[in-house]
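Chemist: Test case, fold it:
(one chain, ligands or ions: 1)
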Amino acid sequence: VKIQRPPGMRDFYPDEMRLQNWLLEQWRSVSRRFGFEEYEGPIFEFLDLYRLKSGEGIVSELFRFEDRGGREFAIRPEMTPTLARMVAARANALPRPIKWFSLPRMCRAEKPQRGRLREFFQWNVDILGVDDPLADAEVIAVAVEFFRKIGATKDDFVIRVNQRPLAAAALQALGVPPEHVQDAFELIDRFERVEPEQFAKAWDQALGAHVSARSVYDILHSTTLEALLETARQGGHAGAQDADRLTALWTRLADLGVQDSCEYDVRIVRGLAYYTGTVFEAHAKGTALRALLGGGRYDDLTGMLDGPKVPGVGFGMGDAPVLEFLRELNRLPDLSDTLDVFVIDADRSLFPQALQIVSDLRRAGLRTDYSYKRAAVAKQFRQAVARNAAYAVVVGSELPQSGRLTAKDLRTGQQQQVVADAFRRDPTEALRINPP
Ligand code: HAM
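Modeler: Numbering: from 1, shown residues only. Next up is the predicted model:
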């Protein structure tokens, strides 16, 4: 029988795995540069954790199952609920600020499409315990640094920023009742991904009784930051505070040197229900790719999970959209597998000695391999080249008399004789290469 791979899932053959590991390394190294620590959580959680505050969009895409006791679980579709649960459980013991990152693998029952899969890795970067917009700016700076590190410039991507309370106030001013603001956010979140007629139809069905799709559409196309801030400041104390926070965020983005990669955008409201403040997404410029990352501030999540209130802000970035992005830019790294040394036996009677040398080299930390078949020297050299070995070391018939081996630098073609004993004691020194 032939059983296929499930749709939207990936196999990682070594070529793809090298690229995947490269990406995970970039994510890790940027996180560490900014002083974040790594954490992990379980691959599935009680279903209720996601029912709590992730919103309809995510709940409808859960892979869920029951255990034999009839308890309901779901494979994690995102990390934020797990993070909030973990922080809530130890809120008083954890030193602040909590600056954590994670590289979880997760599943969503989405329709697979370019950059959106059913199983993916998502880099999560979050700061908890800091209410100041500085934390919002800091996580955005992490994202910008990542893009720079992988060779993207500000012409290639943009971080689009908005603030939920301001967006909510604008919608309410239009006539959307407060209890429907989250529905409006979810519709607007899909706004750019669907045709205008589709948006209008969905909007009119859900909220047409209060506000026409047309007027929302106009707002989404024309509102400037200045106009929004002005309205917010006129709207009383809370509005003025929201406006001040957004202004403060903008200043901090400038202080951190990333403001030129950021843009205010009234259309960014995000679909997830738990965001309470800043919301942002990164988009590739000039392509129709969906968001490269999405995040925002969530100040009520730990409180809902029976913990004290710990404000949080962060983002998630998927592997699939980022790799698509790099592919489009033609900036995928050139990665090939390499060896330090390939050991060649000039004669099959020398093979046992060759194996001893292989063992010594491996013990010294060098990536070393050899041919499993006894073959002509020329053929073994070809294998060494095919495996991208830096050196070929030939165990030749002169070894018993002269005590020497031949080492060939395969990149320069230079050949040298090395004393076998010294070589076996310290191959790194003899070849002057550093183990990885
Ligand atoms: P999200 O907008 O659902 O937010 O996802 C964030 C990012 O994850 C997306 O922008 C995309 O890069 C990636 N992503 C989402 N779905 C898929 C998919 N099916 N295949 C590949 N990549 C995908 C969250 O998940 C929030 N929990 C992020 C967050 C962290 N907010 C605060 N902290």
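
Chemist: Averaged pLDDT, stretch 49-57. What do you get?
Modeler: For stretch 49-57, the mean per-residue pLDDT is 81.

Chemist: CA atoms of that stretch as PDB?
Modeler: Provided in PDB are the C-alpha atoms of stretch 49-57 (Å, rounded to 0.1, in the frame of the first residue of the first chain):
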ATOM      1  CA  LEU A  49      -7.000  26.800  27.200                       C
ATOM      2  CA  TYR A  50      -7.700  27.900  23.600                       C
ATOM      3  CA  ARG A  51     -11.400  28.400  24.100                       C
ATOM      4  CA  LEU A  52     -10.600  30.900  26.800                       C
ATOM      5  CA  LYS A  53      -9.400  33.800  24.700                       C
ATOM      6  CA  SER A  54      -7.800  32.900  21.400                       C
ATOM      7  CA  GLY A  55     -11.000  33.700  19.400                       C
ATOM      8  CA  GLU A  56     -13.200  31.900  16.900                       C
ATOM      9  CA  GLY A  57     -10.600  31.900  14.100                       C
END
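
Chemist: Which helix or strand contains the most centrally placed residue in the chain?
Modeler: In the chain, the residue lying closest to the centroid (C-alpha atoms, centre = their mean) is W123, at 3.1 Å. Using DSSP states H and E, W123 falls within strand 119-128.

Chemist: what residues are up against A74?
Modeler: Residues near A74 by C-beta atoms under 8 Å, 6 or more residues apart in numbering: 44-47, 49-50, 62-65. Any C-beta I mention is one placed from the backbone N, CA and C, and that applies to glycine too.

Chemist: run the last query once more with 7 Å
Modeler: 44-45, 47, 50, 62-64 (C-beta atoms under 7 Å, 6 or more residues apart in numbering).

Chemist: Counting neighbours, what do you get for the residue in the chain that the ligand sits nearest to?
Modeler: Of all residues in the chain, G318 sits closest to the ligand, at 2.4 Å by C-beta to the nearest ligand atom. Look at G318: counted by other C-beta atoms under 10 Å, it has 22 neighbours.

Chemist: what does the helix or strand of the chain with the lowest mean pLDDT contact?
Modeler: Least confident helix or strand of the chain, by mean pLDDT, DSSP states H and E, is helix 56-59 with a mean of 80. Helix 56-59 is contacted by residues 50-51, 77-78, 186, 271-272 when judged by C-beta under 7 Å, 6+ apart.

Chemist: Go over the secondary structure and confirm R374 is in a strand.
Modeler: No: the assignment for R374, made by DSSP: H, G, I helix; E, B strand; the rest coil, is coil rather than a strand.

Chemist: Tell me if I'm right that E72 and E45 touch.
Modeler: No: with contact defined as C-beta atoms under 7 Å, E72 does not reach E45; the gap is 10.3 Å.

Chemist: who has more neighbours, these two?
Modeler: Neighbour totals were compared for E72 and E45, and E45 leads with 17 against 13 (other C-beta under 10 Å).

Chemist: So in that sheet, which strands flank the host helix or strand of the more buried one, and in what orientation?
Modeler: According to DSSP H and E, E45 maps onto strand 44-46. Strand 44-46 sits in its sheet next to strand 72-75 (antiparallel), going by DSSP bridges.

Chemist: got the CA positions of the partner strand in CSV?
Modeler: The C-alpha coordinates for strand 72-75 follow below in CSV (Å, rounded to 0.1, in the frame of the first residue of the first chain):
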residue,chain,number,x,y,z
GLU,A,72,-10.6,17.0,25.5
PHE,A,73,-7.2,18.2,24.2
ALA,A,74,-5.9,20.1,21.3
ILE,A,75,-2.5,20.2,19.6
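
Chemist: tell me what the helix or strand that comes right after that strand is packed against?
Modeler: Using DSSP H and E, the helix or strand that follows strand 72-75 in sequence is helix 80-89. Applying 3 or more C-beta pairs under 7 Å, 6 or more residues apart in numbering; DSSP states H and E, one finds that helix 80-89 makes contact with helix 48-53, helix 301-304.

Chemist: Could you say which of the ones you listed is packed most deeply?
Modeler: helix 301-304 (a mean of 20; mean count of other C-beta atoms under 10 Å).

Chemist: can you list contacts of the very next helix or strand once past that one?
Modeler: With elements assigned by DSSP H and E, the helix or strand that comes after helix 301-304 is strand 312-318. Contact with strand 312-318 is made by 78-79, 84, 120, 122-128, 135-136, 139, 143, 278, 292-299, 301, as judged by C-beta under 7 Å, 6+ apart.
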